[in-house]
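Student: Need a 3D model of the following:
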Amino acid sequence: MSKSKIALVSLCSLIIFIICDIFMSGNSSDLIKTIIIAIILYFGFNVLGYLNWKFAYHFLGFVIGVYTLSLFVIINTMIKASGVPSLNRSIAIIIAIIGVIINLLWYRVAWKQIKIDYVRIVKRNIKKK
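Tutor: Purely as a prediction, here's the structure:
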């Protein structure tokens, strides 16, 4: 059940990132590349997590951390952007804040699975000795 929750929260995180990326993008070719890379990273590490690969959720946590930093950049940019209409700035800030909250929720949900993976790795290494 925990892996399903992780996948669901990961999907929400991915959707929020894509929305923010579309909202902030200027060049459509870079936008498509960024979205494709994000989809590959999110789904790839979730699939590897379902297949019990040792560090799948660790790497996904790193990816989500990087994307969380980009959401903070969006918030900072929109606060400082004076040439953007107030409604657009407010919407971008709200979506980015929701993304940060979802990403923090991902860490809370994934922590249980990461602990389970650590225990499994330690037990396997103890049996080898």
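Student: The helix or strand of the chain with the lowest mean pLDDT: how far from the chain's middle?
Tutor: Of all helical and strand segments in the chain, the minimum by mean pLDDT, DSSP states H and E falls on helix 86-128, at a mean of 86. Put simply, helix 86-128 sits 7 Å off its chain's centre (Cα atoms, centre = their mean, to the nearest Å).
Student: how many other residues sit next to the nearest residue to residue 19 once chain neighbours are set aside?
Tutor: Closest residue in space to residue 19, ignoring its immediate chain neighbours: residue 95 at 5.8 Å, by Cβ to Cβ, 6 or more residues apart in numbering. In this view, the C-beta of every residue, glycine as well, is placed from N, C-alpha and C. Using other Cβ atoms under 10 Å, residue 95 has 19 neighbouring residues.
Student: Residue 95 reaches residue 21, doesn't it?
Tutor: No. Residue 95 is beyond contact range of residue 21, at 10.6 Å (criterion: Cβ atoms under 8 Å).
Student: Could you tell me the phi and psi values at residue 52?
Tutor: The phi/psi pair for residue 52 (degrees, to the nearest 10) reads phi 60, psi 30.
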